[in-house]
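Novice: sequence unknown, structure follows:
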């Protein structure tokens with residue numbers, strides 16, 4: 001086992017080398033992605049009737065296992081940020097009953113550690129922190145900082161340290177959860193990190209095949225793979241360069257916060273040529289400043305997938321290949337993502353900009369023995 005890939009998970013663009021055999025075993029059997037981590041609610045509201053919904057939720061590094069959890073109720077935190085005790089009366093607020101329930105908390109105001117401690121004090125059975133910046137911002141992975149390691153079992157920033165599910169959801173989940181009078185929550189599809197199963201693939205690369213119509217042959221080039229790829233599928237299709245909205249062109253040095261990226265996050269899609277991607281493999285230039293507002297590599301894959309693409313190729317900024325992490329994500333990624341070196345990417349871009357119809361074959365996810 002190794003800590004390299006685990007620590008690399010906190011960087012949106014990483015050379016980490018982690019893949020988990022356990023994380024992909026079920027997808028090998030089902031030929032679908034098993035990297036999507038979510039909980040499911042069945043809710044009854046007098047005005048809305050019965051509703052069933054899947055809520056994608058990025059598991060915290062310290063999240064507990066969930067295999068034996070029965071369906072449970074839910075309760076919104078009071079105060080909403082859980083930065084103060086949930087069981088003591090504060091400013092005239094009578095404490096709610098969180099015992100055995102999922103507690104829903106707004107992000108911000110205090111550390112994740114404070115929120116977790118207050119939820120555990122209230123005897124909650126699951127913790128969901130909801131993003132607050134924008135619906136378009138993909139959730140972060142909650143983790144306890146190095147200074148907080150002593151609070152829980154230290155296994156590379158405390159994986160499975162608190163014994164109950166803990167995760168971060170999209171901002172849009174707050175409106176869904178806050179308006180539900182009653183809810184029953186199932187965690188059977190929620191996944192947590194398993195450090196004991198981690199392995200480094202060797203080699204950590206595979207190959208893509210480009211079709212040359214002039215020579216009527218396939219040319220292989222080396223490629224890195226994403227740990228969140230679905231398995232059991234090989235894709236062959238024409239390729240299209242992905243074009244991003246100029247609203248997403250944040251200055252890398254200025255950062256990618258609310259002020260710089262608000263216009264980008266407000267877009268229905270940050271893609272300018274979404275219609276052209278249907279049934280195609282999207283080619284993404286990672287040097288684009290537009291990607292400064294998107295944080296996670298998996299978010300790029302998901303955005304291109306939602307435009308109807310059947311695969312994603314990332315052109316790296318340098319002559320290197322990457323294993324893109326994390327392997328658990330809060331969205332359902334159903335298409336494969338690979339990355340190529342800068343020089344090979346420039347070759348692909350050159351052929352496309354010259355008007356060539358370029359077909360590329362993406363292989364199945366390659367696992368180490």
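Specialist: Arrived safely, thanks for sending. The model shown is predicted, which means the values in this text are computed figures rather than measured ones.
Novice: alpha carbons only for contacts and neighbour counts from here, please
Specialist: Noted.
Novice: correct me, but residue 318 touches residue 340?
Specialist: No. Contact criterion CA atoms under 8 Å: residue 318 and residue 340 do not qualify, at 9.3 Å.
Novice: who has more neighbours, those two?
Specialist: residue 340 (27 against 13; other CA atoms under 10 Å).
Novice: run through the residues that contact the residue lying closest to residue 244 once chain neighbours are set aside.
Specialist: Of all residues not flanking residue 244 in the chain, residue 271 sits nearest, at 4.6 Å (CA to CA, 6 or more residues apart in numbering). Counting by CA atoms under 8 Å, 6 or more residues apart in numbering, residue 271 touches 242, 243, 244, 245.
Novice: can you tell me how far the last one sits from residue 296?
Specialist: Distance of residue 245 to residue 296, computed by CA to CA, to the nearest Å: 17 Å.
Novice: neighbour count: those two, which is higher?
Specialist: Higher neighbour count among residue 245 and residue 296: residue 296, with 23 against 15, using other CA under 10 Å.
Novice: so who does residue 236 touch?
Specialist: 359, 360, 361, 362.
Novice: run through the helices of the stretch 51-200 of the chain in chain order.
Specialist: 112-121, 172-178 (DSSP state H, counting those that start in this stretch).
Novice: least reliable of those by average pLDDT, please.
Specialist: Per-stretch mean pLDDT for the helices of the stretch 51-200 of the chain is lowest at helix 172-178 (a mean of 85).
Novice: list the buried residues of it.
Specialist: Using 16 or more other CA atoms under 10 Å as the test for burial, helix 172-178 gives 173, 174, 177.
Novice: and residue 350, what's its pLDDT?
Specialist: For residue 350, the model assigns a pLDDT of 93.
Novice: check which helix or strand covers it.
Specialist: helix 342-353 (DSSP states H and E).
Novice: show me what that helix is packed up against.
Specialist: strand 235-241, strand 311-315 (3 or more CA pairs under 8 Å, 6 or more residues apart in numbering; DSSP states H and E).
Novice: relative to strand 311-315, how tilted is that helix?
Specialist: 120 degrees (axes from the mean of the first three to the mean of the last three CA atoms, to 10 degrees).
Novice: which SSE is immediately downstream of helix 342-353?
Specialist: strand 359-362.
Novice: now do that following strand, average pLDDT.
Specialist: Strand 359-362 comes out at a mean pLDDT of 94.
Novice: residues making contact with that strand?
Specialist: Residues contacting strand 359-362 (CA under 8 Å, 6+ apart): 207-211, 234-239, 281, 311, 336, 338.
Novice: over to stretch 275-292?
Specialist: With CA under 8 Å, 6+ apart, stretch 275-292 has contacts from 237-242, 244-252, 255-256, 300, 304, 307-317, 360.
Novice: quote the end-to-end distance of that stretch.
Specialist: So stretch 275-292: terminal residues 23 Å apart, CA to CA.
Novice: for that stretch, buried residues please.
Specialist: 276-286, 290-292.
Novice: so how far is that stretch from its chain's centroid?
Specialist: Distance of stretch 275-292 from its chain centroid, counting by CA atoms, centre = their mean, to the nearest Å, is 18 Å.
Novice: do the same with stretch 63-80
Specialist: Using CA atoms, centre = their mean, the offset of stretch 63-80 from its chain centre is 20 Å.
Novice: burial count for residue 78?
Specialist: By other CA under 10 Å, neighbour count at residue 78 equals 22.
Novice: buried set for the strand of greatest length in the chain?
Specialist: Looking across the chain with DSSP state E, the single longest strand is strand 49-59. For strand 49-59, a neighbour-count test (16+ other CA under 10 Å) marks 55, 56, 57, 58, 59 as buried.
Novice: with pLDDT added, can I get those in JSON lines?
Specialist: Formatted as JSON lines, these follow (pLDDT from 0 to 100):
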{"residue": "55", "pLDDT": "91"}
{"residue": "56", "pLDDT": "90"}
{"residue": "57", "pLDDT": "90"}
{"residue": "58", "pLDDT": "88"}
{"residue": "59", "pLDDT": "87"}
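Novice: and those as a markdown table, adding distance to residue 229?
Specialist: Shown next, in a markdown table, are the buried residues of strand 49-59 (distance: CA to CA, whole Å):
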| residue | distance to residue 229 |
| --- | --- |
| 55 | 20 |
| 56 | 17 |
| 57 | 18 |
| 58 | 16 |
| 59 | 18 |
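Novice: quick check: residue 39 touching residue 187?
Specialist: Yes. Using CA under 8 Å, residue 39 is in contact with residue 187, at 4.9 Å.
Novice: measure residue 350 to residue 287 for me?
Specialist: 16 Å.
Novice: go on, residue 141?
Specialist: 24 Å.
Novice: which secondary structure element contains residue 301?
Specialist: Counting by DSSP H and E, residue 301 is found in helix 297-306.
Novice: now that helix, how far from the chain's geometric center?
Specialist: For helix 297-306 - counting by CA atoms, centre = their mean - the centre lies 9 Å from the chain centre.
Novice: and that helix, average pLDDT?
Specialist: Helix 297-306 comes out at a mean pLDDT of 91.
Novice: which secondary structure elements does it contact?
Specialist: Against helix 297-306 (3+ CA pairs under 8 Å, 6+ apart) you get strand 311-315.
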